[in-house]
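[1] model the following, please.
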Amino acid sequence: LRGRFANVEGEIPSNSPEIEWCHRRLLARIHRRTISGLRQEIEAVDPSVYLEFLARHQGAIPGQHKEGVDGLHDVISQLQGVDIPTGAWEQSVLPLRVNGYRPQWLDELCLSGDVGWGRLEPSTKRKSPGKTFASMTRSIPVSLFLRDDYPWLVDQSRPAETPAATPHANGNGVASSDERPSLSECAREMIELLKNKGAQFATDLCRDLQLLPSQGNDLLGELVAAGEITADGFAGLRSLLNTGTSDAAPGLPSRYRRVRQRQQSLGRWTLLTPPTSTLSEDEVVEEWAWQLIRRWGIVFRDLAVRESIAPPWWKLLKVYRRLEARGELRGGRFIRGVSGEQFATSEAVRELRAVRADESPGHLLILSAADPLNLTGVIGPGLRIPGLAAHGVAYKKGQVVGWKKGEDFWIFSGLSLQEKNQLATAWGVIGRFTNSGASRALSEVPHSSAEATSAELELAEERHKRGKKRSRTPTRSGIPKPFPF
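    Numbers count the residues shown, from 1 in each chain. Alright, predicted model coming up:
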């Protein structure tokens, strides 16, 4: 019978010390009923409870912050694979999760070979011939990642850069210079130089290409924005964002006294070449499935489709169902108002129940709209605040209590005066904010899940914009108006 695969041999919980046998179909029925019973035990929670759980899960709540270099390593392991605007990493994302964050900690992880950085998803926007990439700005998205996980992270995002898929690719897996029509001619020469000589300092690149330091910084920024190069430390990228300031000693150069000219681009620069992955396609998908579990705690389709370089949801769903059958994950309806299947670990389910039972007033969480915790418009009611570093979102107990989008802002009237002032100070709107709240148009905007719908928010925002247009002083052209007949 065992040779015909009719029966299955194994260990079934019982008091008998002997080997027990079970029919395969009967064992599958037991398995299905067990999973069905576990799913029925789950009681769904509101989206606000999940958002509060997610803030704790990522260490953004006081008392849950990470500590030191090891804590920074844990944060990067959660957020790897997400491209975030460069200026937001050290300005808001990392300090929000690591207590007393210091840039030296990130440099230490990069120089030790534990962490790397680069743009994992190059821009897919088609550019007109002759138009090159923009230079490095604070809005260019880059990702931090563990170097050990880099091969499977880019396995899905760069299918056309492998030698097998690209007939004109070189042996290093990098597309040839002729296939980069959006890069400038000098940028292509810099790529060829890095390909031939390997990692180079910025001074060596400028000397070999006969460039000024400012021109070299512009080319390095162009290649970083295109996702072509990286550096051995984060200080090089940090310095590219501060090219407007110079620390060079004042005065004219002298042949007698050699003055040190401090370079803007620190560290060695090299091509961002993905190494050859030894994992199969199924193993890569499983690695991504666990990465999403580490990042979100509870995974469902609306979150997975936001991951631009992750495998498609239908591939992840097969892995999650297999992990649920093994007993490593639990499936069910954990969050109300979310369609599709949802998966989480047993620890996440217990933490979710603890958050639901917590009756404390909660903490005011102020974050950049570029932060992965900005799930406005994805979970729960309300408008979507674009994920730009200049925008901001505020949460309290998982509910949106304020947002800032450009010159417009809104602060929930139910907050205390201290919390209102804290939000106004953080967003630089203290001059336009009074003790009674924001302006009249903004004070009419409710944004909690129990107060407003998306239609009401859109109507209030449009009313506010019309009010701002009416308040502007018209500019007179000097041409007299025609006489009204």
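
[2] quick check, central residue of the chain?
    The residue lying closest to the centre of the chain (C-alpha atoms, centre = their mean) is V82, at 3.6 Å.

[3] and the residue nearest to that one when sequence neighbours are not counted, how many residues sit next to it?
    With C-beta to C-beta, 6 or more residues apart in numbering as the criterion, V82 has its nearest non-adjacent residue at 5.7 Å, and that residue is P372. C-beta here means a position set from N, CA and C on the backbone, and glycine is covered the same way. In terms of burial, P372 registers 19 neighbours under the definition other C-beta atoms under 10 Å.

[4] my reading is that P372 lies in a helix. Confirm?
    No: the assignment for P372 is coil, going by DSSP: H, G, I helix; E, B strand; the rest coil, so no helix is present there.

[5] about what we covered before: show me the contacts for the residue nearest to the centre of the chain.
    Under the criterion of C-beta atoms under 8 Å, 6 or more residues apart in numbering, the neighbours of V82 are 143, 295, 307, 372.

[6] contacts only, for the third one.
    Remark: with contacts taken as C-beta under 8 Å, 6+ apart, E307 is in contact with 81-82, 288, 292.

[7] just the buried members of those?
    Neighbour counting with 16 or more other C-beta atoms under 10 Å marks 81-82, 288, 292 as buried within those.

[8] and of the residues you listed, the nearest to A225?
    Of all the buried ones among the contacts of E307, the one with the least separation from A225 (C-beta to C-beta) is V82, at 17.3 Å.

[9] tabulate the CA atom coordinates of stretch 391-408 in PDB.
    As requested, the backbone C-alpha atoms of stretch 391-408 are provided in PDB (Å, rounded to 0.1, in the frame of the first residue of the first chain):
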ATOM      1  CA  HIS A 391       4.300  65.900   2.400                       C
ATOM      2  CA  GLY A 392       3.400  64.700   5.900                       C
ATOM      3  CA  VAL A 393       0.900  62.500   7.700                       C
ATOM      4  CA  ALA A 394       0.000  62.200  11.400                       C
ATOM      5  CA  TYR A 395      -1.600  59.200  13.100                       C
ATOM      6  CA  LYS A 396      -3.000  58.600  16.500                       C
ATOM      7  CA  LYS A 397      -4.300  55.100  17.500                       C
ATOM      8  CA  GLY A 398      -4.200  54.200  13.800                       C
ATOM      9  CA  GLN A 399      -6.400  57.000  12.600                       C
ATOM     10  CA  VAL A 400      -5.200  60.000  10.500                       C
ATOM     11  CA  VAL A 401      -5.400  63.100  12.600                       C
ATOM     12  CA  GLY A 402      -3.500  65.400  10.200                       C
ATOM     13  CA  TRP A 403      -1.900  65.800   6.900                       C
ATOM     14  CA  LYS A 404       0.200  68.300   4.900                       C
ATOM     15  CA  LYS A 405       0.300  68.400   1.200                       C
ATOM     16  CA  GLY A 406       2.200  71.300  -0.300                       C
ATOM     17  CA  GLU A 407       0.800  74.500   1.100                       C
ATOM     18  CA  ASP A 408      -2.400  72.800   2.300                       C
END
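
[10] please renumber the chain so that the first residue is 46 from this point on.
    All right, first residue 46 from here; so that's stretch 436-453.

[11] mean confidence for that stretch?
    In this model, stretch 436-453 has an average pLDDT of 91.

[12] so what's the gap between it and the chain middle?
    Its chain's C-alpha centre and that of stretch 436-453 lie 18 Å apart, by C-alpha atoms, centre = their mean, to the nearest Å.

[13] these two touch, right, W333 and Y365?
    No: with contacts counted by C-beta atoms under 8 Å, W333 stays clear of Y365, the gap being 10.9 Å.

[14] leaving out the residues flanking it, which one is nearest to V269?
    Distance criterion C-beta to C-beta, 6+ apart; nearest residue to V269, sequence neighbours excluded, is M181 at 5.5 Å.

[15] low pLDDT regions in the stretch 96-245 of the chain?
    168-180, 201-226 (pLDDT under 70).

[16] where along it do the strands fall?
    Read by DSSP state E, counting those that start in this stretch, the stretch 96-245 of the chain holds these strands, from start to end of the chain: 111-112, 129-130, 143-144, 160-163, 186-191, 245-246.

[17] do you know which of these lies nearest W314?
    Distances from W314 to each of the strands of the stretch 96-245 of the chain were compared by C-beta to C-beta, and the smallest falls on strand 245-246, at 6.0 Å.

[18] so for the next helix or strand after the closest one, what gets flagged as buried?
    Next along the chain after strand 245-246, taking DSSP states H and E as the criterion, comes helix 247-254. Of the residues in helix 247-254, those scored as buried under the neighbour-count criterion (16+ other C-beta under 10 Å) are 247, 250-251.

[19] nearest to D194 among the residues you listed?
    Using C-beta to C-beta, A247 comes nearest to D194 of the buried residues of helix 247-254, at 27.9 Å.

[20] state the distance from that closest one to L189.
    For A247, the distance to L189 under the criterion C-beta to C-beta, to the nearest Å works out to 21 Å.

[21] which stretches in the stretch 396-530 of the chain count as strands?
    Along the stretch 396-530 of the chain, the stretches classed as strands by DSSP E, counting those that start in this stretch are 409-413, 437-441, 444-450, 453-456.

[22] any chance of the ones you listed in TSV, with distance to Q463 too?
    Putting the strands of the stretch 396-530 of the chain into TSV (distance: least, C-beta to C-beta, whole Å) gives the following:
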stretch	distance to Q463
strand 409-413	9
strand 437-441	13
strand 444-450	13
strand 453-456	12
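
[23] can those go into JSON lines with extra columns for distance to R164 and mean neighbour count?
    What follows is the strands of the stretch 396-530 of the chain, written out as JSON lines (distance: least, C-beta to C-beta, whole Å; neighbours: other C-beta atoms under 10 Å):
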{"stretch": "strand 409-413", "distance to R164": "19", "mean neighbour count": "21"}
{"stretch": "strand 437-441", "distance to R164": "24", "mean neighbour count": "24"}
{"stretch": "strand 444-450", "distance to R164": "25", "mean neighbour count": "24"}
{"stretch": "strand 453-456", "distance to R164": "30", "mean neighbour count": "24"}
